[in-house]
Structures are given as C-alpha cells and as structure tokens.
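Enquirer: Can you look at this prediction? I've put the sequence above it.
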Amino acid sequence: MANNSIKLIAPDCQLNIVKSIAERLSIPITECVLVRDPNKEINFSISETVRDQDVYIVSQIGSNEVNDRVFELLIMINAAKTASARKITAVIPNFPYARQDKKDKARAPITAKLMADMLTTAGCDHIVTMDLHAAQIQGFFDVPLDNLYAEPSMVRYIQDHTDCENCIIVSPDAGGAKRAASLAEDLNLTFALIHKERVKANEVSRMVLVGDVRGKTCIIVDDMADTCGTLVKASNILLDNGAKKVVAIVTHGILSGNAIKNINGSRLDKVVCTNTVQFGNKLKLCPKLEIIDISGVLAESIRRLHNGESVSYLFRSHH
C-alpha cells in the first residue's frame, strides 16, 4: 500500500511489531525523535511533515513502566495534533487500566474512563485496541473505538498446533465463560468452567471445576495473564481431575511480578500469548512461552480504516 498520506509513528523501543506492520503495508516508519531529559521529562518531535495526513500511532503498553508509556503516547498524539494531522488513530493493542472499568469500592476512581478522557483531550480521533477487558469501555469514548478480537488467531493456532479432536476449552473463571464458549463453538469442542471464589484482588482462594476433563488436552483461554497465579492453580485442578495436559492461550501476556517463575515451576505444558505486549527477554527465561503474531490483524485494520473499508470482518466473534 504505497500511500503518502499515511504516517506510522511509534516510540523507538517498540519497533518489532511496528516493523512488521510497516512491511505488511509497504510504508516506511515515520522518523521521530524521542529523548528523556535528565529529569525524565519526555522530549518528542516528528521529523517530517504530517500536515493533513492520517497518523497511526502504535503503542505496546505492557507490564513495565505503564505510566511512562501512557504519557509518551499522549505526548505523541498531541505532537501530531499540533502539527495539523488530518486524523490521529492510536493503535493500543493492550488498553491500559482496562481492569479499572467500574467503581467497585467506595471512593475509587474509574481509571479506564480517565484514560479515555486523556486520549481524546490529547487529540486522538480514533482508537484501535484488542480484546478489551470489558466491552463497555467502548462507551467511555466520545470518538470511535474498534475492538479487534484475537479469537480467529487463537482458533488457527489451536487447529495447527494441537490434536484438536481431543481438546476441551476451559474458562478459568465465570467472567470468561462467554469467551470460552465462543471459542469452543468455533472449534466444535466442549467447554468446562472453573468457578473461583476470591478473597481479594490477585489472590484466589477456592476453585471448583464444572465439566469432565478426563484424558483431554485442556486449553485454558483468558484475555490477560498477569502474575499467572490463576493459570497455575487452574492447571493443577485440571490435572488433578484427570486431564492429559494443560495449555494456556492468552491475549495479553502482561507477565508481571513472579509470572515467569510461576510458569516455569508449574505443571502447565505451555503458555501461548499474542504479541500485544512486548516480551523482551521473557522468551529466553521461559521455555514454555510461545507467541502468536497479531501484527497482520493490526496492519489489516489500519489498511481498511485508511481506505474507508469495513473493519467488521476482523471482529469475527460472538461476544
């Protein structure tokens, strides 16, 4: 897609997925300068004109320095706005603060809404994200938001890398039941559910399995793996109930804290994540970790948005 009116911008540290998107679209990555002053303030400028052009800013916000990445993104959006870009689209595969989507206790903020407000105030006209933790976050924005699904990529992975006939899809909690049911339907498989009773956030107390997993390869699906405590406990329950082996497939592999240690020490066969988040050296540290590349889906969504085509075929999901 040789087109001069499209500009692809990204912070320098995140070139892997961006290079792949640029190659797929046959466009160069727009030159920018991003430096941090001694006091850690971000100094950013775009090195070529973006006047009256469509700007796509790709930001992989993962587990490290989330707030730095967010602020970087806001500054980049604002730079494009003040440089008279025609339209600014933020491509944020893993939407930050998505878990803070409601007021679940007194005097708590709804930070996902604050994120939406900051992005639009900075000058963002459109958001592209993937597997939002809560679909209602789309309603926090006054600008269009396209929520892409990793589901088709997961379906392909399962068909190519597992003995599909003998698999069962498992949701590690009641909240993900819809996702698991949808994936099971696509693959024509049955699904099981683990009901968990939580004491406090990130700490699971009791888990109960609903469904028969004897002799099956269990595929746990979730939208997010953070410390991986839930995945490890879920895999133990499944194996204790006669499962043959357990694989976890997750959209956002945030893998913070002791996640790598937890996976390595677990009975999980492997943990498969999409590259919405950067992994750095985690792949070397964790032989059980595998990646599904979603740069193709992002590139196709950018191409379709730019050409004014429908993006809905990328949403193939029953949620």
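Expert: Ah, there it is. Numbers count the residues shown, from 1 in each chain.

Enquirer: show me where the stretch 51-200 of the chain has strands.
Expert: For the stretch 51-200 of the chain, the strands defined by DSSP state E, counting those that start in this stretch cover 54-58, 87-92, 126-130, 145-148, 167-171, 191-200.

Enquirer: Let's have those strands in JSON lines, adding mean pLDDT.
Expert: Formatted as JSON lines, the strands of the stretch 51-200 of the chain follow (pLDDT from 0 to 100):
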{"stretch": "strand 54-58", "mean pLDDT": "97"}
{"stretch": "strand 87-92", "mean pLDDT": "97"}
{"stretch": "strand 126-130", "mean pLDDT": "96"}
{"stretch": "strand 145-148", "mean pLDDT": "94"}
{"stretch": "strand 167-171", "mean pLDDT": "96"}
{"stretch": "strand 191-200", "mean pLDDT": "80"}
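
Enquirer: Could you provide those in JSON lines, with additional columns for distance to residue 178 and mean neighbour count?
Expert: For every residue, glycine as well, the C-beta is placed using N, CA and C. Formatted as JSON lines, the strands of the stretch 51-200 of the chain follow (distance: least, C-beta to C-beta, whole Å; neighbours: other C-beta atoms under 10 Å):
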{"stretch": "strand 54-58", "distance to residue 178": "28", "mean neighbour count": "25"}
{"stretch": "strand 87-92", "distance to residue 178": "23", "mean neighbour count": "25"}
{"stretch": "strand 126-130", "distance to residue 178": "16", "mean neighbour count": "22"}
{"stretch": "strand 145-148", "distance to residue 178": "14", "mean neighbour count": "20"}
{"stretch": "strand 167-171", "distance to residue 178": "8", "mean neighbour count": "25"}
{"stretch": "strand 191-200", "distance to residue 178": "11", "mean neighbour count": "15"}
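
Enquirer: of the ones you listed, which approaches residue 32 most closely?
Expert: Closest approach to residue 32 among the strands of the stretch 51-200 of the chain (C-beta to C-beta): strand 54-58, 9.8 Å.

Enquirer: by contact count, what packs against the closest one?
Expert: On a contact count with 3 or more C-beta pairs under 8 Å, 6 or more residues apart in numbering; DSSP states H and E, strand 54-58 meets strand 6-9, helix 15-25, helix 66-82, strand 87-92, helix 295-306.

Enquirer: closest one to residue 208 among the ones you listed?
Expert: helix 66-82 (33.0 Å).

Enquirer: Just the buried positions in the closest one, please.
Expert: 69, 70, 72, 73, 74, 75, 76, 77, 78, 79, 80, 81 (16 or more other C-beta atoms under 10 Å).

Enquirer: quick revisit: so for residue 104, which of the helices and strands packed on strand 54-58 sits nearest?
Expert: helix 66-82 (19.7 Å).

Enquirer: Let's see that closest one as CSV, backbone CA atoms only.
Expert: In CSV, the C-alpha atoms belonging to helix 66-82 read as follows (Å, rounded to 0.1, in the frame of the first residue of the first chain):
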residue,chain,number,x,y,z
VAL,A,66,2.9,1.5,32.1
ASN,A,67,2.6,5.1,33.1
ASP,A,68,5.6,6.2,31.2
ARG,A,69,4.2,4.5,28.1
VAL,A,70,0.8,6.2,28.5
PHE,A,71,2.4,9.6,28.9
GLU,A,72,4.6,9.0,25.9
LEU,A,73,1.5,8.1,23.8
LEU,A,74,-0.4,11.2,25.0
ILE,A,75,2.6,13.4,24.0
MET,A,76,2.9,11.8,20.6
ILE,A,77,-0.8,12.2,19.9
ASN,A,78,-0.5,15.9,20.9
ALA,A,79,2.5,16.4,18.7
ALA,A,80,0.6,15.1,15.7
LYS,A,81,-2.4,17.2,16.6
THR,A,82,-0.4,20.5,16.9
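
Enquirer: and that helix, what does it pack onto?
Expert: Using 3+ C-beta pairs under 8 Å, 6+ apart: helix 66-82 touches strand 6-9, strand 42-46, strand 54-58, strand 87-92, helix 111-122.

Enquirer: Can you lay out these as JSON lines showing distance to residue 303?
Expert: Converted to JSON lines, the helices and strands packed on helix 66-82 look like this (distance: least, C-beta to C-beta, whole Å):
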{"stretch": "strand 6-9", "distance to residue 303": "9"}
{"stretch": "strand 42-46", "distance to residue 303": "22"}
{"stretch": "strand 54-58", "distance to residue 303": "10"}
{"stretch": "strand 87-92", "distance to residue 303": "12"}
{"stretch": "helix 111-122", "distance to residue 303": "22"}
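
Enquirer: among those, which is nearest residue 18?
Expert: Across the helices and strands packed on helix 66-82, closest to residue 18 is strand 54-58 (C-beta to C-beta), at 5.2 Å.

Enquirer: Done for today, thanks.
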